[in-house]
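In: this one's structure only:
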């Protein structure tokens, strides 16, 4: 084992808190039942960026009145969750002024967008990294640098200036082991800013999204996170009545797949699906997770955790209370119960839906270093026709 790897073998403990309570099946996933602003995603491109980089933010929400709400975009350059994560504080707000007019379609889907330049001095503003570094992993990496390059005590301002002055060409000129040390230090030397969009339309809705700030992407680190990519969307049809998707492997050879076969008037992909009341249907998106290394062991390759969220709007009958997405066994489902194979209950021939799949990738091992998930949204239309 190399000295570098030995230095990285430190104990790490992750605590996951889960909550439960009274919830309402289908309320979260079903658009069109009430006259509310329903945000469902802010996508950042890229989901992590270096100081000085430009980030494009796209907010997606639904309003049944097919109108855009007044939106104010701000970014908190520093924030924390407070003592016991009960007293959240945001500081150093800047207003985002490079904002595009919102696009609104006839079904009430709205997509305002804005561009934000990460301040060059963001590390001086953030309190996520102390003025004198005390993180064991970062200290271990800094100790591996050539003598005299940076000296103890290692100060945030000195490390920030040194990383900002490096280029990919500089790293290419180094021995591979040395370049790997620098890139891993860039991975760890991270903070975050928080986008906050306030929507006003007789009510106030705040939507937030965190952006990771680090030099990983600029220095071509293999741990750079990008937005998830949906490579496939399809409707699966099983020639069995009320079939439990938990047993899908048993009938995999019988599944009929309905892929995109055109484009709807809205410009979104269109899937035309023959409907048989004696069959079972489900939807699937396929995402190829990225691989990354653990911050605690550079020889440990990990795959991202992919999380899907499904939403829908019934185009032919917006006020219908029919529950489209159901649990694997056909019972009522909460959104969090839907899997990457999400079972649906079509109401019959002629039913037409706008379906949204929001996919996020998680890197839990990097949570202590301000990792933000990448995300993407795919919107399609599905119409059920006679066989």
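Out: Okay, I see it. Since the model is a prediction, treat every value here as computed from it, not as a measurement.
In: if I pick the nearest residue to residue 129 once chain neighbours are set aside, what's in contact with it?
Out: Leaving aside its sequence neighbours, residue 129 sits nearest to residue 156 (CB to CB, 6 or more residues apart in numbering; 5.1 Å). All C-beta atoms are positioned from the backbone trio N, CA, C, and that covers glycine. Shown in contact with residue 156 (CB atoms under 8 Å, 6 or more residues apart in numbering): 123-124, 129-133.
In: Output these as JSON lines; include the columns secondary structure, neighbour count and pLDDT.
Out: Output for the contacts of residue 156, formatted as JSON lines (DSSP: H, G, I helix; E, B strand; the rest coil; neighbours: other CB atoms under 10 Å; pLDDT from 0 to 100):
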{"residue": "123", "secondary structure": "helix", "neighbour count": "22", "pLDDT": "97"}
{"residue": "124", "secondary structure": "helix", "neighbour count": "13", "pLDDT": "96"}
{"residue": "129", "secondary structure": "coil", "neighbour count": "20", "pLDDT": "96"}
{"residue": "130", "secondary structure": "coil", "neighbour count": "10", "pLDDT": "96"}
{"residue": "131", "secondary structure": "coil", "neighbour count": "11", "pLDDT": "97"}
{"residue": "132", "secondary structure": "strand", "neighbour count": "11", "pLDDT": "97"}
{"residue": "133", "secondary structure": "coil", "neighbour count": "20", "pLDDT": "97"}
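In: so which of these comes closest to residue 343?
Out: residue 129 (45.3 Å; CB to CB).
In: report the longest helix in the chain, please.
Out: The helix that spans the most residues within the chain, counting by DSSP state H, is helix 176-188.
In: which strands and helices sit next to that helix?
Out: Helices and strands touching helix 176-188, as assessed by 3 or more CB pairs under 8 Å, 6 or more residues apart in numbering; DSSP states H and E, comprise helix 3-8, helix 136-143, helix 156-165, helix 168-172.
In: That helix versus helix 156-165: what angle between them?
Out: Helix 176-188 and helix 156-165 are oriented at 120 degrees to each other (axes from the mean of the first three to the mean of the last three CA atoms, to 10 degrees).
In: Taking helix 136-143 as reference, get the angle to helix 176-188.
Out: Using the same axes, to 10 degrees: helix 176-188 against helix 136-143 is 140 degrees.
In: what's the average pLDDT for the helix or strand just after helix 176-188?
Out: Per DSSP states H and E, helix 176-188 leads on to strand 191-200 as the next helix or strand towards the C-terminus. Averaged across strand 191-200, pLDDT comes to 95.
In: Same question for stretch 243-252.
Out: pLDDT averaged over stretch 243-252 gives 94.
In: In that stretch, which residues are buried?
Out: For stretch 243-252, burial by neighbour count (16 or more other CB atoms under 10 Å) applies to 243, 245, 248.
In: how long is it end to end?
Out: This stretch, stretch 243-252, spans 12 Å end to end (CA to CA, to the nearest Å).
In: Might you calculate how far it sits from the centre of the chain?
Out: 29 Å (CA atoms, centre = their mean, to the nearest Å).
In: Quick one: residues in contact with that stretch.
Out: For stretch 243-252, using CB under 8 Å, 6+ apart, the contacting residues are 238, 240, 255, 280, 282, 328-330, 339, 341, 343.
In: Output the below-cut-off pLDDT ranges for the stretch 1-150 of the chain.
Out: 1-25, 82-87 (pLDDT under 70).
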